[in-house]
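> Predicted model follows, preceded by the sequence.
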Amino acid sequence: MSKIKFVKLHGNGNDFVLVDEFSGTIIPEDRKPEFVRAVCHRRFGVGADGALFVQRSEKADVRFRYFNSDGSEAEMCGNGIRCFTRYLVDEGYANDIVKVETLAGVLELEVSNGEKFLVKVNMGRVRKRAEDVPVNTEKEFFWGERIGSMEVYAVNSGVPHAVIFVDEIDHMDIIPPARKIRYHELFPHGINVNFVSVAGENELRIRTYERGVEDETLSCGTGSVASAFVAKELGYVSDPVRVITKGGELIIEFDGDIAYMSGSANRVFDGELNLKELRFV
Ligand SMILES: N[C@H](CCC[C@H](N)C(=O)O)C(=O)O
């Protein structure tokens, strides 16, 4: 097969290439990492933070697979699953409620396809126990622990996230401190890193460095959920939490530890890949 159809989507600027494998595998499993690296390359490929695959599921309506641009597969992707749902609805695979199998469990999504396409995702329970993040520590929680000069809160909102509260967020060079945490030996699976400033009783501003993209992204859904959870637990904000990022806004609501993330998904263009022209590295 020398040509592959793809769709380019983004959720608040966190962008993805989607390949529909519902009718059968197009990219062999052992070739997916190198395919993703090639197609996500900002110069030699389409360019994206990650890739989404639509696959058949035995447990739910459909199966969601997410790979970061470095080819690593992650359990979940909040912005990605909203984009995935936009595709399903556009193609007539789904209507208003969708159950999606992910590596982080089966999630239920609710679509409101009015003037603007919006998806509300039941993200499941945010997990606070250190062993669930995971963190290499004897402590039950990694909650406000110091790493260098930073006070770090680690939770799992589908994938591992570190949350650090700061006063000033716009002019900060987040890459050096983020990498110090992202690669720290405390986190055996690595971790995504969020710098958060409280902007109001129901408002946070967040910048996220993403594991597997190894750079700042314009928005991170699971990072927004993780940050809103920690801020609410610490009493910094009340539910619902409006999360503002460089790429747009999300609304995070809670029912106990269960988080709901609401936001948009934009289908920017459809295309066709010439496999022979891609640089597989
Ligand atoms: N951008 C994603 C997070 C992807 C997680 C991935 N970076 C990892 O954990 O390896 C989101 O919207 O939730």
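Received the coordinates, thanks. Residues are numbered from 1 along each chain as shown.
> Now the worst-scoring helix or strand of the chain on mean pLDDT: buried residues?
Within the chain, no helix or strand scores below strand 105-113, which has a mean of 93 by mean pLDDT, DSSP states H and E. Across strand 105-113, burial judged by 16 or more other Cβ atoms under 10 Å covers Val106, Leu107, Glu108, Leu109, Val111. (C-beta placed from N, C-alpha, C; glycine too.)
> and the chain, which of its residues are near the ligand?
By Cβ under 6 Å from any ligand atom, the residues of the chain that approach the ligand are 14, 68, 74, 77-80, 159, 192, 210-213, 217, 220-222.
> what residues are up against Asp90?
Asp90 is in contact with Arg267, counting by Cβ atoms under 8 Å, 6 or more residues apart in numbering.
> thinking again about what came up before, so what does the least confident helix or strand of the chain touch, helix or strand wise?
Counting contacts by 3 or more Cβ pairs under 8 Å, 6 or more residues apart in numbering; DSSP states H and E, strand 105-113 is packed against helix 78-90, strand 97-102, strand 117-125.
> got the angle between the longest one and strand 97-102?
Orientation note: helix 78-90 sits at an angle of 130 degrees relative to strand 97-102 (axes from the mean of the first three to the mean of the last three Cα atoms, to 10 degrees).
> Point me to the helix or strand that includes the closest residue to Ile251 other than its chain neighbours.
Excluding its sequence neighbours, the residue lying closest to Ile251 (Cβ to Cβ, 6 or more residues apart in numbering) is Ser262, at 4.4 Å. Element membership of Ser262, judged by DSSP states H and E, is strand 258-264.
> can you list contacts of the least confident helix or strand of the chain?
Residues from elsewhere that reach strand 105-113 (Cβ under 8 Å, 6+ apart): 59-60, 76, 81-82, 85, 89, 94-100, 117-124.
> Give me the angle between it and strand 258-264.
Using the same axes, to 10 degrees: strand 105-113 against strand 258-264 is 40 degrees.
> could you dump strand 105-113 to CSV, C-alpha only?
The C-alpha trace of strand 105-113 is given here as CSV (Å, rounded to 0.1, in the frame of the first residue of the first chain):
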residue,chain,number,x,y,z
GLY,A,105,-9.8,1.9,30.5
VAL,A,106,-13.2,2.4,28.8
LEU,A,107,-14.2,6.0,28.7
GLU,A,108,-17.7,7.5,28.0
LEU,A,109,-17.9,10.7,25.9
GLU,A,110,-20.9,12.9,25.3
VAL,A,111,-21.1,15.0,22.1
SER,A,112,-22.9,18.3,21.7
ASN,A,113,-22.7,19.0,18.0
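> what angle sits between it and strand 117-125?
Here the directions of strand 105-113 and strand 117-125 differ by 160 degrees (the same axes, to 10 degrees).
> and strand 105-113, which strands flank it?
Strand pairing for strand 105-113, determined by DSSP bridges: strand 97-102 (antiparallel), strand 117-125 (antiparallel).
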